[in-house]
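**Q** Sequence and predicted structure, then a few things I'm wondering about:
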Amino acid sequence: MQRTAFVRTMMLSAALLAAAPASAEVRIIQSPGGQVGPFLDLFEKVRESGERVVIDGPCLSACTLVLSIVPVERICVTRRAVLGFHAARSVDRRGHFYAEPEASEAVLQAYPGRVRDWISRHGGLSSQLLLLKGRELAAIYPRCR
């Protein structure tokens, strides 16, 4: 990973996740995604911390890996929450994108069953962004109190 992309992803991660020690929660307010590695590291730390995750805005692409790492019972969503899923892809030095079907399948299998089922019912992971929100999202994850 290029250093600039890594630094930008880490800055985004820090800006998008606001920890509130008194309430022991992490709030995702807006995340366009990014490189997978930093998100995996970040969500592993959140899982180990025992904090609850509040999804309170768009959580797209690599951000949705939170669903695979943090236990379901520690995730809630607000009315503003939107989850965005697409197939895994790589980008070369020229900026060309390449499909990563094996990575897409691994990511899909890592999601909780109800999320996998929703993705499958909506055509599966592809280059198109699938948005899970509103009542459909609230049927899978509880609303935050």
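**A** Ah, there it is.

**Q** Cross-check the contact I'm expecting between Gln35 and Ser61.
**A** No. Counting by C-beta atoms under 8 Å, Gln35 does not reach Ser61; the two are 9.9 Å apart. C-betas here are computed from N, CA, C, even on glycine.

**Q** Could you report the neighbour count for the residue nearest to Gly84 when sequence neighbours are not counted?
**A** Spatially, and ignoring its direct neighbours in sequence, Gly84 is nearest to Leu60 (3.5 Å; C-beta to C-beta, 6 or more residues apart in numbering). Neighbourhood size, Leu60 [other C-beta atoms under 10 Å]: 19.

**Q** so who does Leu60 touch?
**A** 31-33, 82-84, 129 (C-beta atoms under 8 Å, 6 or more residues apart in numbering).

**Q** which residues in the protein form strands?
**A** In the chain, strands defined by DSSP state E lie at 17-20, 25-28, 52-55, 58-60, 75-77, 82-85, 89-91, 97-99, 130-133, listed in chain order.

**Q** thinking again about what came up before, what pLDDT is listed against the residue nearest to Gly84?
**A** You'll see Leu60 listed with a pLDDT of 98.

**Q** Which among the contacts of Leu60 count as buried?
**A** Listed as buried from those are 31, 33, 82-84; burial here means 16 or more other C-beta atoms under 10 Å.

**Q** what's the closest of the contacts of Leu60 to Ala139?
**A** Distance to Ala139 across the contacts of Leu60 (C-beta to C-beta) is lowest for Leu83, with 12.6 Å.

**Q** what ranges do the helices span in this structure?
**A** 3-16, 36-49, 66-69, 101-110, 113-121, 134-138 (DSSP state H).

**Q** of all these, which lies closest to Ala24?
**A** Across the helices of the chain, closest to Ala24 is helix 36-49 (C-beta to C-beta), at 8.0 Å.

**Q** And the strands of the chain, which one averages the lowest pLDDT?
**A** strand 17-20 (a mean of 44).

**Q** Per-residue pLDDT of the residue lying closest to Leu65 once chain neighbours are set aside, please?
**A** In space, and not counting its chain neighbours, Leu65 is closest to Phe39: 5.2 Å by C-beta to C-beta, 6+ apart. In this model, Phe39 is scored at 96, pLDDT.

**Q** was I right about Phe39 contacting Cys63?
**A** Yes. Judged on C-beta under 8 Å, Phe39 makes contact with Cys63 at a distance of 6.4 Å.
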